[in-house]
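In: Would you be able to build a 3D model of this:
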Amino acid sequence: MVVVGNSIQKRFVVIEIKTVQALDGVWNDDALVLFKHSTQCGRSAQVYEEVRNFKAEHPEVRIHLVKVIEARPVSNEVERRTGVRHESPQVLILKSGAVVWHEAHLRVTAGALAEHLGYGR
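Out: Have a look, this model is predicted:
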């Protein structure tokens, strides 16, 4: 939580994955949400807002961020491990290391995330 003036706002917190070793540390989590984001792409900025909206409604969900330009080896490793062709922006949901859902570009919405993470809409 962040106090701004007299109001309290939920802070948008994601866990950035910068190294393949950090990816190893979360890979077999029960539920892993990976958001592959390009800091150079307007479309990715739009999707970032969708992810932000989802996170505001579901702060308990841990979202792991891979900045695809800054962490190219991590992005490549995600593609290698999953067999899912790289696109950005892109979200992958994994359970125990297996992809259960993935989507890219403007099809990544707060509603789609909620639906595929079991929150319905």
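In: Quickly list what the most centrally placed residue in the chain is bridged to.
Out: Nearest to the mean C-alpha position of the chain, by CA atoms, centre = their mean, lies Phe35 at 2.4 Å. Beta-bridge partners for Phe35, by DSSP bridges, are Leu65, Val91.
In: residues touching it, list them.
Out: Contact analysis of Phe35 by CB atoms under 8 Å, 6 or more residues apart in numbering lists Val14, Tyr48, Val51, Ile63, His64, Leu65, Val66, Pro89, Gln90, Val91. From N, CA and C alone the C-beta is placed, and that goes for glycine too.
In: Also Ser75?
Out: Lys36, Val66, Val68, His86, Ser88.
In: Lys18 now?
Out: Lys67, Glu70, Ala71, Val74.
In: From Glu70, how far out is it?
Out: 7 Å (CB to CB, to the nearest Å).
In: Over to Arg62?
Out: From Arg62 to Glu70 the distance is 20 Å (CB to CB).
In: How about Phe54?
Out: 23 Å.
In: out of the two, which sits in the busier spot?
Out: More crowded of Phe54 and Glu70, by other CB atoms under 10 Å: Phe54, with 24 against 13.
In: where do the strands sit along this protein?
Out: Assigned by DSSP state E, the chain shows strands spanning 2-4, 7-9, 15-16, 32-37, 63-67, 90-95, 98-104.
In: Could the C-alpha coordinates of the fifth one be exported in PDB?
Out: What it means is strand 63-67. In PDB, the C-alpha atoms belonging to strand 63-67 read as follows (Å, rounded to 0.1, in the frame of the first residue of the first chain):
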ATOM      1  CA  ILE A  63       2.700 -11.500 -11.700                       C
ATOM      2  CA  HIS A  64       6.300 -12.100 -13.000                       C
ATOM      3  CA  LEU A  65       7.500  -9.500 -15.500                       C
ATOM      4  CA  VAL A  66      10.100 -10.300 -18.200                       C
ATOM      5  CA  LYS A  67      11.200  -7.200 -20.100                       C
END
